[in-house]
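Chemist: give me the fold of what follows.
(chains A and B)
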Amino acid sequence: SQELEQSPQSLIVQEGKNLTINCTSSKTLYGLYWYKQKYGEGLIFLMMLQKGGEEKSHEKITAKLDEKKQQSSLHITASQPSHAGIYLCGVARWGGADGLTFGKGTHLIIQP
Amino acid sequence: DSGVTQTPKHLITATGQRVTLRCSPRSGDLSVYWYQQSLDQGLQFLIQYYNGEERAKGNILERFSAQQFPDLHSELNLSSLELGDSALYFCASSVDWNTDTQYFGPGTRLTVL
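Modeler: Sure, this is the predicted structure:
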């Protein structure tokens, strides 16, 4: 089965600073999803990347997919308290859309 | 608000009991997924239904079962509950089954005492 490793596991960043979260797959990436979760709440869809080299942005969050490295990165510019939470990357098994396999998540804390 | 609704929000029960969790997908979505999130196992896929039919199975225990009804809402049944079944259970839905974005509900927090 495909495994996803996220780094770092946790991150404390001062408000206004930039940060990057990585998601590395043990197998070829056909598509990757990024979600954000507030503690104890549901997952909020951020972005989906399907092609190597693809880059998407939403507000101050940018995600890239590097097929060769089997890796995706999520970059937040000028972090704000609203960015705090758990960021999860996920992949669909066999490249299709059945259940997603998720990484363990990156816990992001924004210090004022 | 994703448009996916789950009830109840919280559920507290005893070992050996049986519970039913309910999920209503977003309007127009035909596919429903169930996930379990715990501290030790993380977020794990349990089972998927598409237009009333079971489509894919993940790490679902035999004590657990699910179904999707003609109105497309879904229920997850958990029986012979054990302490280790305490977790957050999420439902997600998507329009189709083929590489489509899944939108998650707020979850049901199950506590087994």
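
Chemist: show me the shaky parts of chain B.
Modeler: Across chain B, the ranges flagged by pLDDT under 70 are B:98-99.

Chemist: OK, now which residue of it is nearest to chain A?
Modeler: Taking Cβ to the nearest Cβ, chain A has its nearest neighbour within chain B at residue B:45, 2.8 Å off. (Glycine included, C-beta is placed from N, CA and C.)

Chemist: could you count how many residues lie near the nearest residue in space to residue B:70 that is not next to it in sequence?
Modeler: Of all residues not flanking residue B:70 in the chain, residue B:52 sits nearest, at 6.5 Å (Cβ to Cβ, 6 or more residues apart in numbering or on different chains). Residues near residue B:52, counting by other Cβ atoms under 10 Å in any protein chain shown, number 14.

Chemist: shouldn't residue B:52 be in contact with residue B:68?
Modeler: Yes: contact status for residue B:52 versus residue B:68: in contact at 5.1 Å, counting by Cβ atoms under 8 Å.

Chemist: in chain A, which residue sits closest to chain B?
Modeler: Here the residue of chain A nearest chain B is residue A:99; by Cβ to the nearest Cβ that distance is 2.8 Å.

Chemist: next, the distance between the ends of stretch A:15-28.
Modeler: Here the two ends of stretch A:15-28 are set 35 Å apart, with distance taken as Cα to Cα, to the nearest Å.

Chemist: buried residues, that stretch. List them.
Modeler: By 16 or more other Cβ atoms under 10 Å in any protein chain shown, the buried positions in stretch A:15-28 come out as A:19, A:21, A:22, A:23, A:24, A:25.

Chemist: repeat that for stretch A:33-41.
Modeler: A:33, A:34, A:35, A:36, A:37.

Chemist: and these, which is closest to residue B:9?
Modeler: residue A:37 (15.9 Å; Cβ to Cβ).

Chemist: beta partners for the residue nearest the centre of chain B?
Modeler: In chain B, the centroid-proximal residue (Cα atoms, centre = their mean) is residue B:34; its distance is 3.2 Å. Beta-bridge pairing for residue B:34 (DSSP bridges): residue B:47, residue B:91.

Chemist: how about the contacts made by it?
Modeler: When contacts are counted by Cβ atoms under 8 Å, 6 or more residues apart in numbering or on different chains, residue B:34 touches B:23, B:45-48, B:60, B:66, B:74, B:76, B:89-92.
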